[in-house]
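S.K.: pasting the structure only:
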Ligand SMILES: Nc1ncnc2c1ncn2[C@@H]1O[C@H](COP(=O)(O)OP(=O)(O)OP(=O)(O)O)[C@@H](O)[C@H]1O
């Protein structure tokens, strides 16, 4: 046998593989199956393009043989095969510059295991589980077969061998601690996990028994017209482990400069961990049918409910979690995928409102997070938002709202909080016949201010003084009420920022508003929950000078009971805005005093 030395980098890699790699050993099988599949791909292409390979159109096949007696695992294929020169070159050196660079980085990195676990070390990963590896191969078109043997000791040997047909057998003599890979269930499990959608049949052979153990069908690679609705649904269930049918799916094949396929599903139930910080990502990355990883970074967090697959043609199989974020090809695919999902959701909203409302009730709250995190798609996300309004009990969107706007209406008006159809703040808008949006999700107080505008129409909160600028100024007789206003303010102390006369009320005696530069109640509360204790809501109590409570109070000119009245009216305004009573003990006392006085 002719002896050869491994290239220095290979020796380094082997050293790392053998000495530093303890976790995730099972990936060796993915790597070997992937190589076998590549070898079949190559021959397949040649048989299609070159005359002398025309005869090699035998049924492609990958076989995993478990030999309990010799403690061997063999991965065989009927692909292109290798001759002696190929064996020396391919299995004695590292061809790819990426791998070399990775090795350099690895040398400097202490957490080798973490890094390398994410990185396909290709053929050499066989040494994670094998003390000795033999590769018996015969190149398609050659008469001779060759054997490559190594025990990873810095050298390997190549000699003539026998093989009936073209193709390759990679024979692993399993180490003592890798005997689990002789178990057929373990192998089936690994193949299902990583290689189910390799387009070639994978057989498992043990003794006389031989069975196919993968589906051999990359569903997403088929043309849409070839896939039945049922097949889409079944595939979703295997992919997501969800028992229910998906709500809908988006299947895209991109060709041209960037070649990739994506199949995304929207579930019809909320994943259990949707609102957990440690949620499981739902999208898997494949490179040419080979499963690479399931990673959060494949889609932004606001699309975390999406299940599916991204299968890219132009990515290296060894792309790691660390390099994932920096890969330009993947970034482009990711960007296009986000846009595609959002655009398809918009279409669903237009074409199947009932289904879209189902979607919105399940995931609307999550999608809205994108307003804060995805600036590029902010306008598109705005199109997806649904809400109820002071005029509509069923959902509408911004486009409909704007279409329904009155001619003299300057802005889009909203109120944050639970649907407050009886809010005193609505008075003026009812009078003008302006529609007011109710934003009632708990995150709305963070999201809605960031919306800013829709189609050049500003969004304004009706609980804030910012909406006032859209209305004509009304002159109010401040002087006449100054003593009363002062007395009310003194009664309420720091509960309110100020007490003022109101131009916005017609029916109600009081309401609470916020200066346009101050956080509104819900925002302040949310910030407090997030640990910003210093942020306090600072409402302004506005009083309706035409309401009889105040006209009578003014007539009486008796400020004795004003403190009690102030507390009650302030709490009335809070209740009408859906807040809880502030200072309940004193409020009850004030109420009792006033009741007694009236008896
Ligand atoms: N079963 C096989 N049949 C034919 N050639 C093979 C086979 N296995 C490996 N090779 C050859 O050996 C080379 C090195 O394999 P290795 O797995 O280390 O790297 P790779 O497949 O090129 O990269 P990666 O595994 O990262 O995709 C392959 O490029 C291929 O030419």
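M.R.: Yes, it's here. Predicted model, so just to flag it, every value in this text is computed and none were measured.

S.K.: helix/strand/coil for residue 261?
M.R.: strand (DSSP: H, G, I helix; E, B strand; the rest coil).

S.K.: count of residues packed around the nearest residue in space to residue 492 that is not next to it in sequence?
M.R.: When the adjacent residues along the chain are set aside, residue 492 lies closest to residue 566, with 5.1 Å between them (Cβ to Cβ, 6 or more residues apart in numbering). Where C-beta positions appear, they are placed from N, C-alpha and C, glycine not excepted. Burial of residue 566, expressed as a neighbour count using other Cβ atoms under 10 Å, amounts to 25.

S.K.: So which residues make contact with the helix or strand in which residue 566 is found?
M.R.: When secondary structure is defined using DSSP states H and E, the element that contains residue 566 is helix 562-576. If you take Cβ atoms under 8 Å, 6 or more residues apart in numbering as the criterion, helix 562-576 is touched by 420, 422-424, 484, 487-488, 490-492, 495-496, 499, 508-512, 541, 543, 549, 553, 580-583, 586-587, 589-591, 593-594.

S.K.: Let's see which of those residues end up in strands.
M.R.: Of those, the ones assigned to strands by DSSP state E are 499, 510-512, 541, 543.

S.K.: and which of these is nearest to the ligand?
M.R.: Nearest to the ligand out of these is residue 512 (Cβ to the nearest ligand atom; 64.1 Å).

S.K.: For the residue nearest to that closest one when sequence neighbours are not counted, which residues are in contact?
M.R.: Using Cβ to Cβ, 6+ apart and skipping the chain neighbours, the partner closest in space to residue 512 is residue 539 (4.1 Å). If you count contacts by Cβ under 8 Å, 6+ apart, residue 539 has them with 496-497, 512-514, 521.

S.K.: roughly how far out does stretch 183-201 sit from the chain middle?
M.R.: With Cα atoms, centre = their mean, to the nearest Å as the basis, stretch 183-201 stands 27 Å off its chain's centre.

S.K.: How about residues contacting that stretch?
M.R.: For stretch 183-201, the external contacting residues (Cβ under 8 Å, 6+ apart) are 26-27, 29-30, 33-34, 36-37, 40, 59-62, 64, 66, 73, 180-181, 202, 204, 206, 212-221, 286, 289-291.

S.K.: Put the buried members of those residues into a PyMOL selection.
M.R.: Selection of buried members from these for PyMOL, criterion 16 or more other Cβ atoms under 10 Å:
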select buried, resi 26+27+29+30+33+34+36+37+40+60+61+62+64+66+73+181+202+204+206+213+214+215+216+217+218+219+220+221+286+289+290+291
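
S.K.: Quick check: closest non-adjacent residue to the single nearest residue of the chain relative to the ligand.
M.R.: The ligand sits closest to residue 122 of the chain, with a gap of 2.7 Å, by Cβ to the nearest ligand atom. By the measure of Cβ to Cβ, 6+ apart, the closest residue to residue 122 outside its immediate chain neighbours is residue 31, 5.6 Å from it.

S.K.: pretty sure the one you found is touching residue 125, no?
M.R.: Yes: with the criterion set as Cβ atoms under 8 Å, residue 31 and residue 125 qualify as a contacting pair; they are 4.7 Å apart.

S.K.: Show the end-to-end separation of stretch 570-583, please.
M.R.: End-to-end span of stretch 570-583 (Cα to Cα, to the nearest Å): 11 Å.

S.K.: That stretch - what's its average pLDDT?
M.R.: The average of the pLDDT scores along stretch 570-583 is 89.

S.K.: how far does it sit from the chain's center?
M.R.: Computed by Cα atoms, centre = their mean, the chain-centroid distance of stretch 570-583 equals 38 Å.

S.K.: Next, the buried residues of it.
M.R.: Buried residues in stretch 570-583, counted by 16+ other Cβ under 10 Å: 570-574, 576-579.

S.K.: farthest-separated two in these?
M.R.: 570 and 578 (14.9 Å; Cβ to Cβ).

S.K.: quick one: is stretch 8-27 near the ligand?
M.R.: No: no part of stretch 8-27 sits near the ligand under the criterion Cβ under 6 Å from any ligand atom; the closest distance found is 9.2 Å.

S.K.: buried set for that stretch?
M.R.: Under the neighbour-count criterion of 16+ other Cβ under 10 Å, stretch 8-27 has 10, 12-14, 16-17, 21, 25-27 buried.

S.K.: Kindly report the same for stretch 66-80.
M.R.: 66-67, 71-80.

S.K.: What about the ligand: which of these touch it?
M.R.: Of the buried residues of stretch 66-80, the ones that also sit near the ligand (Cβ under 6 Å from any ligand atom) are 77, 79-80.

S.K.: Strands - which of the residues you listed land there?
M.R.: For those, the ones inside strands are residue 77, with DSSP E as the criterion.

S.K.: From the ones next to the ligand among the buried residues of stretch 66-80, pick the one nearest residue 245.
M.R.: With Cβ to Cβ as the yardstick, the closest approach to residue 245 among these comes from residue 77, at 37.0 Å.

S.K.: Quick one, grab the pLDDT at that closest one.
M.R.: pLDDT, residue 77: 97.

S.K.: For it, which non-adjacent residue is spatially closest?
M.R.: The spatial neighbour of residue 77 that comes closest, neighbours along the chain excluded (Cβ to Cβ, 6+ apart), is residue 36 at 3.6 Å.

S.K.: try residue 263
M.R.: Using Cβ to Cβ, 6+ apart, the closest residue to residue 263 is residue 220 (4.1 Å).

S.K.: how much space is there between the one you found and residue 289?
M.R.: Distance, residue 220 to residue 289, by Cβ to Cβ, to the nearest Å: 9 Å.
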